[in-house]
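Asks: Need a 3D model of the following:
(2 chains)
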Amino acid sequence: MNPILDKFPALLDVDPARLVEVNDRLSAILAEHYPDIDVQPNSVFGDTVLRPLVYLVAGTEQALACTLSDLDLRNVAQGNICDCDFVQAYLENLGIRNGSALPTIATVRLTYNTDAARQISNTTRFLFDGVLVRPFTTLPAEIDILGSASSRDDPDQNIFRLTPTTGSQFYVDLVVYGPAGIDIPAGTIATSDISDEFLDSIELLTPLRPTSFGETIQELAARASGIFPASGLTTRASASSFILNKLANVKAVSPVTTGDPEMRRGVQNLFGVSRGAVDIYPRGDTLLTTTVVSRISRDTTAEEWRGRIKTNLNTPVRIRSIRTLGGTEIVDHVIWGTSSDRTLFPEMSAAFSRMETLGVSFPDTDPTLNAEITASNTPASLPASTAGSEGGLILLSGSYRGHIFSGDFSQVLQFQGVTDEAPHLFRVTNLGTGETVEDVAAEEDDGVYVLDTAASSLLESWTRGVTISFDLDGLDSFDGTTFTASLQSPGGYLVVEYDYDPVLGEVEALIRHDTQRGPLHIAAMAPKPVLLTNLRIEYRTRNGKWVDTETARQEILDYVNSSLFPDGLSDSTLSDILMFAGASGINRITKTATVWSTFAHRYVLDGRDPEDSGVPPLVREAEAEFVDLTFEGSRDIDWASPSLTTDQLLTIEEDYSLSTGPRNIQFILPSQNLTLVEDRTL
Amino acid sequence: MRKGIRIRFNTAEGPASIRFDDAVTGFSTVAQNAFVNLGTESGTDSIFPTKGTMLFRRALLGELLSPDERAHQTSLAAEQTRLFIRENERSRARALGEEVPPEYELQKLGLQLSSIDYRKIVFNTFAVSAAGQTVGVEIQELV
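Replies: Numbering: from 1, shown residues only, chains lettered A, B, ... in the order given. Reported below is the predicted structural model:
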């Protein structure tokens, strides 16, 4: 297809005005440069040379004007199309075609009553009130749902993990897509073609909202012109319009790009050349509250309970409580944080994203609390030695102590020799989670081979406190021999209640699925919470006037709980709401809040327990008396100015890639923290 | 001096032929263009809607048999041609920022009946510039 030649008009189709104009132009050029040549109409040269040339030039200009018009998507969106086939092919180049849209994206929760690994088809059908939706995954492959003890999920590989709740249930949230033009509320229960007797329910977490992505070329062009102001997610404007155009549940989005003070990470490619990054901070209109149960270990040596908080893909923006199963709140706890991908998210830059792993620890000195937590398990002593599948011996000593980022107090591990000579290497598989650590070395020490469990932070979390050795015991090598060990610490259950925004998972699924990444690394993160502890509005009114405070309260809550940069919390908007509700003026607006850069009290930069690594963790300033490596973590603020200034937010941490600024914060206003005070004058 | 390719009329090669080594110069270019215009059927050029005349069509329709009608049509064709040539010359001069030189200004265009029979009508044409040059011969006696 040649867009110019294909549109070349017949002589009679060339605009006569264009022919005259081109003729005048060419005649003037010839007259200026070759005044002696007769090119007048009826002359031989004029009729046999100049005239065909005029037609060629005018036709080409007309075809070019047509093509340029078709390249302007705004023109096409208005219905001015020269060549439908060309426009259709052009839009397909941009990835826009009939049916290419993902008109409706939402989140579905599958709840099971067993904590077991399972697999479901990528073409699974969920039926909500007769409307069919399917999983929206990165890969067109089966979806693996791992047990809750897995150390991490990997949605890029269609790997998810269960989250335990109270009541012996386990859930996984999946992003789904469905047809346009439907409206199904959150909470709707679905049927599906999943055959699993342990599947209790399938519930819609976020609504399926109607959208209006059309199918005509004009409508496709209108959508494309909104999505591609700068081609893809690589600029602030295009990232915003891309997300807002594709996801109806997203109310606001604030992109942070390289160059913004809030951007504290970049990515280096193989050649050490820095690429940029784009962090997308989306916001829906509703936070969901969920309760998860974590299986934690009791480390009797350190006299602490410790284990991972199982938030999985749902990034907490507000931790409401950490309690025992019996409901007793654990006040004296420490939250630990680490990045699960230190290449893309170095130091503390993973805060408030699914790439941040959170753990918890607290003293085990309260017998009452211990009794409420403990699962009444008394782990048996480790066997001194156990034979391997082909011979040889595995030798165990010590006791499993658990780990701040471990998902379970029970670990069943398989060790498989993979080399037939020194250095002896083993593949270690966690039979409970299915995860594997490859090529772990075992160094010879006094006739036995001691496994280097510190070689991997993941392996360390499975084996902490236990020394694992292997004895050839007559074998030539360990190659092909398999050993199994079951490690268990005293353990129990912890209940964590937190709020999260489900649209974050939907945006993540969209970014993973789309190919618009370009040369930048793009991540979706939850805006750092600014939890308003008190928003007090003192308004004036007069006798005989009625102020609709109910409506005003709801509008203020909706406004604050869905706004994002650049529309921060604005006093003038709060005033407008009250004025429209009938108030005659505003006396004062008082705001106090706590802003968080991370929920963690301690941060480890290498994923290891500091007791094992010997590297002191970063400590939150408020608790650090004699520690050098500190971070602020959170700050209480009190401001009367119309809007929050950067100075009042957390200082941009330069050392640990932690940042909080106007672009990556969100205000959260619980209903009970909003106070409207009336000042009624006579 | 302006130069164009000469059209050779009524030669052994045919009613009209072109030889690229044979040129017309000066006012003869204007005159030649005018003669061609007389014989061009109007409405055949989308760039110049006023180019050509209805003379040929009138002849086909037999409207040139009557002397009075013939006189009217030939006068009309001559005048249309003169105006067309004048407009083009003026347009060219404007593009060059000049006035039309008298030697290129067509002052008079004549069309006289030379012979008529059932197969053809032959007209004698002549052109006179504002500078007094004449191309062709004005016949004093009319048939």
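Asks: now the helices: where do they sit in the chain?
Replies: Here I'm looking at chain A. Using DSSP state H, the helices found in chain A span residues A:16-33, A:44-45, A:51-71, A:73-77, A:84-93, A:217-227, A:236-246, A:367-373, A:457-463, A:503-513, A:549-560, A:571-580, A:610-613.
Asks: wait, chain B
Replies: Assigned by DSSP H, the helices in chain B fall at B:27-39, B:55-60, B:67-96.
Asks: in the shortest one, what counts as buried?
Replies: The neighbour-count check on helix B:55-60 (16 or more other Cβ atoms under 10 Å in any protein chain shown) flags B:55-56, B:58-59 as buried. Where you see a C-beta, it was placed from the backbone N, CA and C, and this is true even at glycine.
Asks: Would you mind giving both backbone torsions of the residue of chain A found nearest chain B?
Replies: Chain B sits closest to residue A:38 of chain A, with a gap of 3.2 Å, by Cβ to the nearest Cβ. The phi and psi values for residue A:38, taken as degrees, to the nearest 10, are phi -80, psi 110.
Asks: That one contacts residue B:1, doesn't it?
Replies: No - with contact defined as Cβ atoms under 8 Å, residue A:38 does not count as touching residue B:1 (10.3 Å).
Asks: more crowded one of these two?
Replies: Using other Cβ atoms under 10 Å in any protein chain shown, the more surrounded residue of residue A:38 and residue B:1 is residue A:38, with 27 against 9.
Asks: count of neighbours near the closest residue to that one other than its chain neighbours?
Replies: Spatial nearest neighbour of residue A:38, chain neighbours left out: residue B:4 (3.2 Å); criterion: Cβ to Cβ, 6 or more residues apart in numbering or on different chains. Using other Cβ under 10 Å, residue B:4 is surrounded by 24 other residues.
Asks: Tell me who's in contact with residue B:4.
Replies: A:37-38, A:43-45, B:23-25, B:29, B:32-33 (Cβ atoms under 8 Å, 6 or more residues apart in numbering or on different chains).
Asks: just residue B:63 next, same as before
Replies: By Cβ under 8 Å, 6+ apart, the residues touching residue B:63 are B:69-70, B:73.
Asks: ok, now with 10 Å
Replies: Residue B:63 is in contact with B:54-55, B:57, B:69-70, B:72-73, counting by Cβ atoms under 10 Å, 6 or more residues apart in numbering or on different chains.
Asks: Can you tell me the closest non-neighbouring residue to residue 49?
Replies: Picking chain A for this. In space, residue A:49 is closest to residue A:39, 7.8 Å off (Cβ to Cβ, 6+ apart).
Asks: ah, no, chain B please
Replies: Per Cβ to Cβ, 6+ apart, closest to residue B:49 is residue B:43, 7.2 Å.
Asks: Can you report how many residues lie near the one you found?
Replies: 12.
Asks: list the contacts for it?
Replies: By Cβ under 10 Å, 6+ apart, the residues touching residue B:43 are B:49-52, B:54, B:57.
Asks: and of the contacts of residue B:63, the nearest to residue A:417?
Replies: Set against residue A:417, the nearest of the contacts of residue B:63 by Cβ to Cβ is residue B:57 (104.3 Å).
Asks: Against residue B:122, how distant is the residue lying closest to residue A:336 once chain neighbours are set aside?
Replies: Leaving aside its sequence neighbours, residue A:336 sits nearest to residue A:359 (Cβ to Cβ, 6+ apart; 4.0 Å). From residue A:359 across to residue B:122, the span is 112 Å (Cβ to Cβ, to the nearest Å).
Asks: With neighbour numbers in mind, choose between the two.
Replies: More crowded of residue A:359 and residue B:122, by other Cβ under 10 Å: residue A:359, with 25 against 12.
Asks: Quick check: the more buried one touching residue A:610?
Replies: No - checked against Cβ atoms under 10 Å, the pair residue A:359 and residue A:610 is beyond contact range at 12.0 Å.
Asks: Could I get the contacting residues of residue A:418?
Replies: Here residue A:418 is in contact with A:424-427, A:438-440, A:478-481 (criterion: Cβ under 10 Å, 6+ apart).
Asks: which of those residues are buried?
Replies: Using 16+ other Cβ under 10 Å, the buried ones in these are A:424-426, A:440, A:478, A:481.
Asks: I'd like to know how far the residue nearest to residue B:57 when sequence neighbours are not counted sits from residue B:17.
Replies: Distance criterion Cβ to Cβ, 6+ apart; nearest residue to residue B:57, sequence neighbours excluded, is residue B:41 at 6.2 Å. To residue B:17, residue B:41 is 20 Å away according to Cβ to Cβ.
Asks: what's the answer for residue A:303, then?
Replies: Taking Cβ to Cβ, one finds residue A:303 at 117 Å from residue B:17.
Asks: And residue B:118, by the same measure?
Replies: From residue B:118 to residue B:17 the distance is 26 Å (Cβ to Cβ).
Asks: out of these two, which sits in the busier spot?
Replies: Taking other Cβ under 10 Å, residue B:118 and residue B:17 do not tie; residue B:17 has more neighbours (14 against 5).
Asks: Would you quantify the distance from the residue in chain B positioned nearest to chain A to residue A:12?
Replies: Chain A sits closest to residue B:4 of chain B, with a gap of 3.2 Å, by Cβ to the nearest Cβ. Noted for residue B:4: a distance of 28 Å to residue A:12, by Cβ to Cβ.
Asks: Contact partners for residue B:128?
Replies: Counting by Cβ under 10 Å, 6+ apart, residue B:128 has contacts B:27, B:31, B:106-110, B:134-136, B:138.
Asks: can you pull the pLDDT of the nearest residue to it once chain neighbours are set aside?
Replies: Excluding the flanking residues, the one nearest residue B:128 by Cβ to Cβ, 6+ apart is residue B:108, at 4.1 Å. With respect to pLDDT, residue B:108 has a value of 92.
Asks: How about the contacts made by residue B:108?
Replies: Contacts of residue B:108 (Cβ under 10 Å, 6+ apart): B:78, B:82, B:126-130, B:134, B:138.
Asks: quick revisit: got the phi/psi numbers for the residue nearest to residue B:49?
Replies: Here is the backbone geometry of residue B:43 (degrees, to the nearest 10): phi 90, psi 10.
Asks: Tell me the predicted confidence for it.
Replies: For residue B:43, the model assigns a pLDDT of 87.
Asks: try residue A:330
Replies: So residue A:330 comes in at 93 (pLDDT).
Asks: what do you get for residue A:74?
Replies: Looking at residue A:74, the pLDDT reads 72.
Asks: From the structure, what's the count of residues near it?
Replies: Using other Cβ under 10 Å, residue A:74 has 10 neighbouring residues.
Asks: In contact with the residue positioned nearest the centre of chain B, which residues?
Replies: Among the residues of chain B, the one closest to the centroid is residue B:35, at 2.2 Å (Cα atoms, centre = their mean). Shown here is residue B:35, whose contacts under the criterion Cβ under 10 Å, 6+ apart are A:42, B:7, B:9, B:16, B:81, B:109, B:111, B:123, B:125-127, B:135-136.
Asks: wait, isn't residue A:664 in contact with residue A:262?
Replies: Yes - contact criterion Cβ under 10 Å: residue A:664 and residue A:262 qualify, at 4.8 Å.
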